[in-house]
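[1] Got a predicted model here, sequence first, then my questions.
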Amino acid sequence: MTTHADETASEATTDTSNWTNWLRTKIVGLVPPGQALPDRQPVYVASWIYVFGVLTLASLVVVIGSGCVLAIGGSAWWHVSSLGHYVNSVHLWSVQLLFGFMVIHLWGKFFMAAWRGERALTWISGVVLFAVSIGTSFTGFLAQTNFDAQWIGGQAKDGLNSVGVGAWFNVLNPGQMLMWHIVLLPLVLVALTAMHVILVRRHGVVPPIDAALEG
Amino acid sequence: MISKWPSGGRRRDNTPDSHDFPTRPYDLVKEFAIALVVVFVLSVGLAAIFSSPDEKPITMSAWANTEPNDVVLTAVGELAGTTTSATYGPPYNSAVEGQKLGPLPLQKWGGVRLPVDSAGLVVEPLSNVSGDPTLTAALSSWNTATPDQRTTWATAYADAIGAPAADGEPATGAGGDPGGVAAGDYGPVPALSAAFLQLARTGGLEGALTSSGNFYGGDTTKSLLLLSDGAYLEDQARAKNLAGDQWGMMNEAGNAPGQPWMWLYTFWYQVPPFSNSDNADALVWGLMMVLTLLLMFVPFIPGLRSIPRWIPLHRLIWRDYYRNAKHS
């Protein structure tokens, strides 16, 4: 028995002029049904190299978490507090791990030719993520408000000024660099990471080179 | 059945749809949870063992007390318009066009958007000092003089101070010692530079340069330009192996890892033609942009995209799959 309410609901879900329907369709269509968090993977997903992608993601969580703790105390807290200095050390070392895992992940994917099967955008977003990560960590070094920041800023300004962007991205201004480090670039990083992961789930893990399906 | 999603079946490069392969159980959430614990433990452990460097910043006071002659020489250079920042070009001034990338004057195109008057780095902080008649008279003399007269005074005083013997070159002037300068027509420059040294010693210079009249000072552009114009900062950095020709951009003070992922960017500065080019920064930036774009667009570049076939590390990564496929 179909009720008036059911008919109304059916109309609502198929009404393409409805912005909510349009957005829901787009979101639901990002990944195949059941592939957002699948409990099975293709048989060829059996190598330690696959671990480095998730290790990179886990490192990003620790980097952001330790950065949030540093933010509670403020930009100069770590200079005057032993706890703050320790949290800064955790932040530094998690960044080192992030890059170590990311580089292994990147070169692993390179030698797997992981851009095959219409996965070029996944590869490109990964390379952009690597570049943005370098910029994000760089602004962190500039926002340290210590000798390293003084020296790195003095040296780095020449590169940025030489290509005409030094006035907009002023490495001698630690206030501006701190804002880029804790707001703008992390937003870009998290958004790109979400896009990268969604693309991986959308297309699935790239099959082995020259793999052929039976039949 | 989830194949044919989003464009299933065999793709243009003959890669089958991953969703069409046989599957095996896999726990993504458990894998992430374990990875998170591993990274957290590694991070807190490495932090506990190796800590992180925090070399205190150089203060103007420390600079003035440790290398007073360098402070005076820098101040005179700013007044004469001969320091690195005074002759830098955009974005601080239009003294020169700046670096070019091939025919492209990118630095000039950026424009003078952070104007910094090099003489102002000295005169403006001194203008806030009160109760010093000698300084007041010197400032009055400086402010009423013509630009040519100012340059003549400051240049003459800089020449009179000279430099100590170095790299086989004999000493010039007073050998870099302002106290040994011969009498001459230097106008108010000796008084201004001496007062500048005194102000730096008191610790009042940072505030005068960074606050620029505001209570909240957060922009250290002027004070860092001034500090970089002296020799003290670079001497300290070189002693810590941080100079540009010591792979400094990727290092940090002490033995802590800095930014090792910048090794390639730093590498180019060590080799010709970059190491001896006046446009080294622009050239290295241009090259790194090209290399980054190449890496981004590997999937579309014939030859580069075939490297994984020529160096078959994938046979190792997927060895179980290939072995099973061979036997089936």
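    Thanks, I have it.

[2] Find the nearest non-adjacent residue to B:T220, please.
    B:T210 (5.3 Å; C-beta to C-beta, 6 or more residues apart in numbering or on different chains). For glycine as for every other residue, the C-beta is placed from the backbone atoms N, C-alpha and C.

[3] Give me the secondary structure label for the one you found.
    Taking DSSP: H, G, I helix; E, B strand; the rest coil as the rule, one finds B:T210 in the helix state.

[4] And the average pLDDT for stretch B:217-229 is what?
    The average of the pLDDT scores along stretch B:217-229 is 92.

[5] And for it, what's in contact with it?
    A:150, A:153-154, A:170, A:172-176, B:58, B:60, B:63, B:74, B:77-78, B:83-86, B:92, B:114, B:116, B:121, B:205-207, B:209-212, B:233-234 (C-beta atoms under 8 Å, 6 or more residues apart in numbering or on different chains).

[6] Show me which of those residues are buried.
    A:150, A:153-154, A:170, A:172-176, B:58, B:60, B:63, B:74, B:77-78, B:83, B:85-86, B:92, B:114, B:116, B:121, B:205-206, B:209-210, B:233-234 (16 or more other C-beta atoms under 10 Å in any protein chain shown).

[7] State the next helix or strand along the chain beyond the helix or strand of chain A with the lowest mean pLDDT.
    One helix or strand of chain A scores below all others by mean pLDDT, DSSP states H and E: helix A:4-14, with a mean of 59. The first helix or strand that comes after helix A:4-14 along the chain, using DSSP states H and E, is helix A:19-28.

[8] Show the pLDDT at the one residue in the stretch 101-250 of chain B that gets nearest to chain A.
    Nearest residue of the stretch 101-250 of chain B to chain A: B:G110, at 2.9 Å (C-beta to the nearest C-beta). Note on B:G110: pLDDT of 95.

[9] these two touch, right, it and A:A167?
    Yes: the criterion here is C-beta atoms under 8 Å, and B:G110 meets it with A:A167 at 6.0 Å.

[10] Residues in contact with both of these two, list them for me.
    With C-beta under 8 Å, 6+ apart, B:G110 and A:A167 have common neighbours B:P90, B:P91.

[11] out of everything not next to it in sequence, what's closest to A:V205?
    Nearest one to A:V205, counting by C-beta to C-beta, 6+ apart, is A:V45 at 5.2 Å.

[12] again, but for B:Q236
    Once flanking residues are discounted, B:Q236 sits nearest to B:I58: 6.5 Å by C-beta to C-beta, 6+ apart.

[13] which SS class is the one you found?
    B:I58 ends up coil, using three-state DSSP.

[14] Any idea how many residues pack against the closest residue to B:G244 other than its chain neighbours?
    Leaving aside its chain neighbours, B:G244 sits nearest to B:Y269 (5.7 Å; criterion: C-beta to C-beta, 6+ apart). B:Y269 has 20 neighbours, counted by other C-beta atoms under 10 Å in any protein chain shown.

[15] Spit out the contact partners of B:Y269.
    B:G244, B:D245, B:M249, B:S275, B:A280, B:V284.

[16] Weed out the non-buried ones from those residues.
    B:G244, B:M249, B:A280, B:V284.

[17] and the two most separated of those?
    B:M249 and B:A280 (12.3 Å; C-beta to C-beta).

[18] quick one on the thing from earlier: which ones among the contacts of stretch B:217-229 are found in helices?
    A:150, A:153-154, A:174-176, B:60, B:63, B:74, B:77-78, B:121, B:205-207, B:209-211, B:233-234 (DSSP state H).

[19] Roughly how far does the residue nearest to B:T220 sit from B:V122?
    Note on B:T210: its distance to B:V122, by C-beta to C-beta, to the nearest Å, is 15 Å.

[20] cool, and B:A95?
    17 Å.

[21] what do you get for A:S82?
    40 Å.

[22] Among the two, which residue is more densely surrounded?
    B:V122 (26 against 8).

[23] OK, contacts around the more buried one?
    B:A75, B:E78, B:L79, B:L192, B:S193, B:F196.

[24] If we only consider the residues you listed, which is nearest to B:G184?
    Checking the contacts of B:V122 one by one against B:G184 (C-beta to C-beta), the nearest turns out to be B:S193, at 14.0 Å.

[25] residue contacts, the residue of the stretch 101-250 of chain B closest to chain A?
    A:N161, A:V163, A:G164, A:V165, A:G166, A:A167, B:P90, B:P91.

[26] so how many other residues sit close to the residue lying closest to B:K240 once chain neighbours are set aside?
    Spatial nearest neighbour of B:K240, excluding adjacent residues (C-beta to C-beta, 6+ apart): B:A253 at 5.1 Å. Applying other C-beta under 10 Å, we find 18 residues neighbouring B:A253.

[27] Quick check on B:A253: phi, psi?
    phi -60, psi 140 (degrees, to the nearest 10).

[28] And the pLDDT at it?
    80.

[29] got it, and B:P103?
    Note on B:P103: pLDDT of 94.

[30] which SSE is the most centrally placed residue in chain A in?
    Centroid check for chain A by C-alpha atoms, centre = their mean gives A:T193 as the closest residue, at 2.8 Å. Element membership of A:T193 [criterion: DSSP H and E] is helix A:185-203.

[31] Now do that helix and helix A:19-28, the angle between them.
    Interaxial angle, helix A:185-203 versus helix A:19-28 (axes from the mean of the first three to the mean of the last three C-alpha atoms, to 10 degrees): 70 degrees.

[32] what's helix A:185-203 in contact with?
    Outside helix A:185-203, the residues within contact range by C-beta under 8 Å, 6+ apart are A:30-32, A:35-36, A:53, A:57, A:60, A:64, A:67, A:117-119, A:121-122, A:125-126, A:128-129, A:132-133, A:135-136, A:139, B:6, B:18.

[33] 6 Å - rerun?
    A:L30, A:V31, A:Q35, A:A36, A:R119, A:L121, A:T122, A:S125, A:G126, A:L129, A:V132, A:T136 (C-beta atoms under 6 Å, 6 or more residues apart in numbering or on different chains).
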